[in-house]
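[1] Pasted the sequence and its predicted model underneath.
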Amino acid sequence: MRFADIIRWDCPGFVGLCAHRVLSALIVAVTVGVVAGCSGGGGGGDGSGRGEGSAAADFGCDGSCANQQLSASEVRGIVTQAIRSAQFLGVSATFSVVDRVGNVLALYQMEGAAPTTRIDGQIGAVGGLEGLEVPSVLAAISKAGTGAFLSSQGNAFSTRTASQIIQEHFNPPERGQPGGPLFGVQFSQLLCSDVTTRNPEISDGRPSGPNKLLVGGSVGPRGLPLGLSADPGGIPLYKMGDLVGGLGVELDGRYTLDRDNTDYDDDVEERLAMMASQGGFEAPSERVAPNMNVGKSLRYTDLTYDQIDPVPSEGASFDDSRLVAVPEFTRGEVREGVMYGSPASGVMRTSRRGLPSAVLVGNGGAVRFPTRPGTGPAGIALTASEVDALLDSALTTASRARAAIRRPLDNPANVSIWVVDINGEPLGFVRSADGPVFGIDVSLQKARSVTLISSPSAAERLSAMGQGGYVAATKALIGPDALSNGVAFGNRSIANISRPYFPDGIQGKPNGPFSLPFPGTAEGRSWSPFNTGLQLDLSFGGIAQALQLIPSASFPDSCVGGVLTRNLANGLQIFPGGVPLYRGSTLIGGFGISGDGVDQDDLIAFYSASRRGLDFVGHTGIGDAGLGFHAPKEMRADAQEVSDTGVRLRYVNCPEGPFAGSNDQNVCDGL
Amino acid sequence: MGCRAMKCGAMRRGSFIFATLLLVNFVFMKAAFADVDSLEPGATASVSPSGEVKNPEAAASESEPEAKGLAQTPERQRPGEGPQSTSFSPYIFESVPEINSSAPDFLTVPDRWRQLYVGKWYDPYNQNVVKGDIPVFGSPAHPWFVELGLTSDSLFEYRNIPTPVVPSSSRHPESTDQFGGSEQAFFNQNLIFLFSLTQGNTTFKPQDFEFRFVPVMNFTYASIEEDGLLRVDASRGNSRGDEYIGPLELFADIHIANISDRYDFVSTRVGVQQFNADFRGFVYNVSEPGVRLFGNWDNNQWQYNLAYFRRIEKDTNSGLNTWFEDRYEDVVVTNLYSQDNPVLGHQVQGTIIYRADQAGDHKAEYDKNGFLVRPASIGDERPKNIYTTYFGLNGDGHFGRLNITESFYYVTGSESHNQIAGQQVDVSAAMAALEVSYDFDWIRLRSSLFWASGDDDAFDGNANGFDAIFDNPNFAGGDNSFWQRQGVPFIGGGIVSLVNRNSLLANLRPGKEQGQSNFVNPGIRIYNVGLDVEVTPTLKLINNVSYLQFDQTDVLETTRQDGSISRNIGFDLSTGMVYRPFLNNNVQFRFGGAVLLPASGTENLFGDERLYSLFSNLILAY
């Protein structure tokens, strides 16, 4: 019998409470009461709590609660709890606390902590980041950032959640099933992205290119050194029901993921993170990942707070000399977190069409990426009003869509929305107010990816980037015209050919042409979450340059260089949620959505760019009379079977029961 | 005499797996019981060779239409009616003169079996040497009978069932949504072979031995509109043919003792055997290897079963038993039947069923088509063991002219880990069924209620959704109805079925054959009225209207991440026809059609498309 089962046997559900639960609930309640002061405290939850979170942290927040921030003393308190917890557990660790937009608030390395950690996908893959020894401090930052970036008031996700949704099967290890819904998301939030900001106050002194926003203070979103992390030990931090940041723990020298979701791991990094988060910073029990179902329920932690010891009240104190300075991230000080939604956070709350939303702002609160027309011939290129219409439509569709990864149920989807032009240049941005921050970068990746891969010059340009092998493999599978015939690829179509098996999930089948062979099935380089194929190969230079893994005199402002510098400035993304935009049969740009379930992202992209979606928001005269901004049906990737494979790529997959308050099904049919 | 019970039983046992037959309706069953009740010791000519006709479980599954006529025979004496003269004068025996076989007037005549034998080998309906009507070897005191049979059961279905498009491929262009083309065609052919060897003077008493082997050869072909569903590999297309041979029955039946001069008996049966724990197959009605002790006493007023089964894996596409691949599940059943309780013509039964399913201690199981079945591909997908005990009280019979069937089950125990709840759960759930019918000459008016409790909170650590071990019910329209006949995939919430084929339970199980029970489920309520019409002696119509509701919707809302799923499933309208041109079960045609008119709950889950099912079924039995 498993440890968790024994625990639960000891504390049977029908009794409801038992001694240690009562005790821990009391402790938490008292602490929260102190923290919350006179503001009233908890109790507003919607009653679907899970032991992976804390019931005392349930405030019923659904995106509309006031935003909070971590004070410097709270950051110090959390790190102190982490230190004492580590001592209690007999380990030495590296901790990082970040705020919701990725500013590093503290980076602390205990004496004796492992200085480096080794990247290991556990499947013997060769190439990419596999086997790389990286400083533990970078791992801790990425883990903390993942907890913060994947979460919101409506959902609390951890690095374990990330691990579950980026592998070759979902769930790992369920054979036959397609790859994780967010397969490839680990290569986002990169330092080389032109969306993530760079803080000149703590930079490594290298100059950066014109597309990298240099902005001091706390203006995010900041990049994460290793992208998003799947190594358990990174969790979000909450305060009075609002997401205020993330906590990352690295200590075991392995930067990896959980290959088997069917067991309960007692991961010391995870245990330590949970232990340190106690006292009012735990995720709300009503918002943790196991409450969310995307066909399968999601993981938050393998441990529950029942199994976590209280932090010893005595023990080592905070030693300022153990704070680590890492250029680009922290000066080795403790900072207060910024309040998400404020102009100072770089993600400013606003309102668009009466819907709570947010935009990116930079120096002095200036709006970044204001709406502008696309480049290209007049009458063909996207106009500013068309860009606005698309943003309006998507924001509205999101507000109608039933979220897949938020609680309470029937909460609207909260996503980030980008429109780019034919060259991948951002033409406009808006996001739902409480969307998870990771979607800001990812939705731009998606918009750019569909635009490039749908372009008739995709093959030529990818080949020019030294990726001719992937192009050749694609042509071998799909046909000699592939990537040069202007077939419209949705992000879902790209996803279909970017997995280590084709068809996706079927062991024994060869890899998709944008991917690499599963380890052991072929000689040479092989696939792992740390070596995803074309995606990583395109961005590897940017990642390495930013981290100075390869010597570089300047800080990158694009993850991909050469002829794709702007087209894929923040990297290729290979999971669903974007569609290319067309005027007639001419490609004019891309539309990327990220932040909710991938089917919801697909819905919001596809429905919103359609005639039906545009009409719904009153933009009746904008776009093609029949197709809106969609490619003609015969041009789409799902128009033909893939040679003689018996497989047809998907273009989009709009979800079941897509709109809250409606019984409509198949709402994307015929669009 | 007609189609003997075991001959008909073989074909029925074969077909139950595929939900192809609804031969035993209440009329027939009642009639069969009445017949059994009326039998005198010397009048067991129509008793099956197994000698267990008075076991209501057997009678329920093996009763025959012809018995109806017999039940009405006025001159038959019922036990407890009239004088009970059972003692013979010793004079009768003493006065028999000694036989001198060499006397000139001694006339040799065939034995009692051959005396009136007119059978032909090709005629399965009348007396036949391969139908156990004449001993084949052995001594007069220990005659051995052979029974051979072959039944062909052909089923064709055309149906409209919600069908998803998988993420990795689509059959058709412009498949932009979760739901794809929903029309499906299905063909299923069973060849059921029967080999049986029986010892015993079964005309007068229970058999001494029976060795029985019933292998079934299955061919199946399905064609649907989407890829990646019949087989997990989408590149293998949208159709699937498969074949399998599996053992339906393989047992030895050994008579232990007669315990009264009316042949109340104790018997045992060892091997693969069909067993139904109640009258209507609500909880455990399946063929599995096991050891069963059964018998009766007090002039058959009481019967009992004590049985242990070790369940074996079922073949995925045929549903047949595999050749003893372990399923890691033990079932212990004990039950007791009381006849004429509380009134003449009504019997009650109490049953206790314990089940220990320990599949969670073994590696994950994928079915033949490549889909995960244990643990279920839903929720957190962690493995589980199940330990539950069912307490059942069942009744069947008639009060005067009012026919009635009742069933109530309560189940308690635990699942070591429920995938949907994401934790260990305490099981506490119930099921109730009631059917009342009344005959107006050749028309039967019928009404049924069925309730299986649902779980009102998926995450509270309590599992209050009722689930069976292996149900195979005959209730509320039976397999004519859409809800019972068709399995409906639970699209978008996990790779499980909302309801499985040949089940009434909305239990979110990945197939009832290979999936484990799941007590975190929405439960079901069925309100049914039916009208059975015997248009002619050869033609019967079975008509049903049911309204269906989920008992609780929280589990659906949780798994579908949709907070507003209605309870109302909709109306299930069905009609079925049974045509038996020769008034026996050797040739039967069955046709049926059902439509589910979606109410708001079905619309929430699948949309407003009407779901339907059409089938035709031909049974030829030798």
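    Cool, the structure landed.
[2] make it CA atoms for all contacts and neighbour counts henceforth
    Fine.
[3] Close to chain B: what parts of the stretch 101-250 of chain A are there?
    Where the stretch 101-250 of chain A comes near chain B, counting by C-alpha under 8 Å from any C-alpha of the partner chain, the residues are A:N171, A:E174, A:R175, A:G176, A:Q177, A:P178.
[4] Drop anything exposed from those.
    Buried members of those, counted by 16 or more other C-alpha atoms under 10 Å in any protein chain shown: A:N171, A:E174, A:R175, A:G176, A:Q177, A:P178.
[5] from these, which two are the most distant?
    A:N171 and A:G176 (10.1 Å; C-alpha to C-alpha).
[6] got the residues of the stretch 101-250 of chain B near chain A?
    B:167-179, B:232-237.
[7] Can you tell me the closest non-neighbouring residue to the residue of the stretch 451-600 of chain A found nearest chain B?
    Using C-alpha to the nearest C-alpha, A:D504 is the residue of the stretch 451-600 of chain A that sits closest to chain B, at 5.5 Å. Spatial nearest neighbour of A:D504, excluding adjacent residues (C-alpha to C-alpha, 6 or more residues apart in numbering or on different chains): A:P178 at 4.9 Å.
[8] what's near enough to touch that neighbour?
    Shown in contact with A:P178 (C-alpha atoms under 8 Å, 6 or more residues apart in numbering or on different chains): A:E168, A:H169, A:F170, A:D504, A:G505, A:I506, B:P167, B:S168.
[9] mind checking the SS state of B:L293?
    Here B:L293 is recorded as strand under DSSP: H, G, I helix; E, B strand; the rest coil.
[10] can you tell me the helix or strand for the closest residue to it other than its chain neighbours?
    For B:L293, ignoring the flanking residues on the chain, the nearest one in space by C-alpha to C-alpha, 6+ apart is B:T268 at 4.4 Å. B:T268 belongs to strand B:265-276 when assigned by DSSP states H and E.
[11] A:T383: neighbouring residues, count only.
    By the criterion of other C-alpha atoms under 10 Å in any protein chain shown, A:T383 has 18 neighbours.
[12] Got phi/psi on the nearest residue to it once chain neighbours are set aside?
    Spatially, and ignoring its direct neighbours in sequence, A:T383 is nearest to A:P373 (4.4 Å; C-alpha to C-alpha, 6+ apart). Here is the backbone geometry of A:P373 (degrees, to the nearest 10): phi -80, psi 160.
[13] can you pull the contacts of A:P373?
    Neighbours of A:P373 in contact, by C-alpha under 8 Å, 6+ apart: A:A381, A:L382, A:T383, A:A384, A:S385, A:V387, A:L427.
[14] Ok, B:D278 next?
    B:E57, B:Y284, B:Q349, B:T351, B:N394.
[15] Which ones, among those residues, also lie beside chain A?
    Of the residues in those, proximity to chain A by C-alpha under 8 Å from any C-alpha holds for none.
[16] Let me know the closest of those residues to chain A.
    Distance to chain A, by C-alpha to the nearest C-alpha, is smallest for B:T351 among the contacts of B:D278, at 26.7 Å.
[17] host element of that closest one?
    In the assignment (DSSP H and E), B:T351 maps to strand B:346-357.
[18] mind saving the C-alpha coords of stretch A:273-284 as CSV?
    Provided in CSV are the C-alpha atoms of stretch A:273-284 (Å, rounded to 0.1, in the frame of the first residue of the first chain):
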residue,chain,number,x,y,z
ALA,A,273,8.8,23.8,-1.7
MET,A,274,5.5,22.8,-0.1
MET,A,275,6.9,23.0,3.4
ALA,A,276,8.3,26.5,2.7
SER,A,277,5.1,27.8,1.3
GLN,A,278,3.1,27.1,4.4
GLY,A,279,1.7,29.9,6.4
GLY,A,280,-0.6,31.6,3.9
PHE,A,281,1.3,31.2,0.6
GLU,A,282,0.0,27.8,-0.4
ALA,A,283,-2.1,27.3,-3.5
PRO,A,284,-5.8,27.3,-2.8
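[19] neighbours around A:G670, how many?
    The number of residues packed near A:G670 is 12, by other C-alpha under 10 Å.
[20] Would you verify that it is located in a helix?
    No: assignment of A:G670 by three-state DSSP gives coil, placing it outside any helix.
[21] Report the spatially nearest residue to it, omitting neighbours in sequence.
    With sequence-adjacent residues excluded and distances taken as C-alpha to C-alpha, 6+ apart, A:G670 is closest to B:E174, at 7.1 Å.
[22] So the one you found, which state does it fall into?
    Going by three-state DSSP: B:E174 is coil.
[23] Burial check on it, number of neighbours?
    B:E174: 21 neighbours (other C-alpha under 10 Å).
[24] same deal with A:D557?
    There are 28 residues near A:D557, going by other C-alpha under 10 Å.
[25] again with B:E147
    Applying other C-alpha under 10 Å, we find 20 residues neighbouring B:E147.
[26] any idea how far it is from B:N218?
    Distance, B:E147 to B:N218, by C-alpha to C-alpha, to the nearest Å: 22 Å.
[27] which element is A:A144 on?
    Per DSSP H and E: helix A:136-149 holds A:A144.
[28] Check which helices and strands that helix is in contact with.
    strand A:94-99, strand A:104-109, strand A:116-119, helix A:159-164, strand A:234-239, strand A:242-250 (3 or more C-alpha pairs under 8 Å, 6 or more residues apart in numbering or on different chains; DSSP states H and E).
[29] Mean pLDDT for those - can I get that in JSON lines?
    Formatted as JSON lines, the helices and strands packed on helix A:136-149 follow (pLDDT from 0 to 100):
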{"stretch": "strand A:94-99", "mean pLDDT": "98"}
{"stretch": "strand A:104-109", "mean pLDDT": "98"}
{"stretch": "strand A:116-119", "mean pLDDT": "97"}
{"stretch": "helix A:159-164", "mean pLDDT": "98"}
{"stretch": "strand A:234-239", "mean pLDDT": "98"}
{"stretch": "strand A:242-250", "mean pLDDT": "98"}
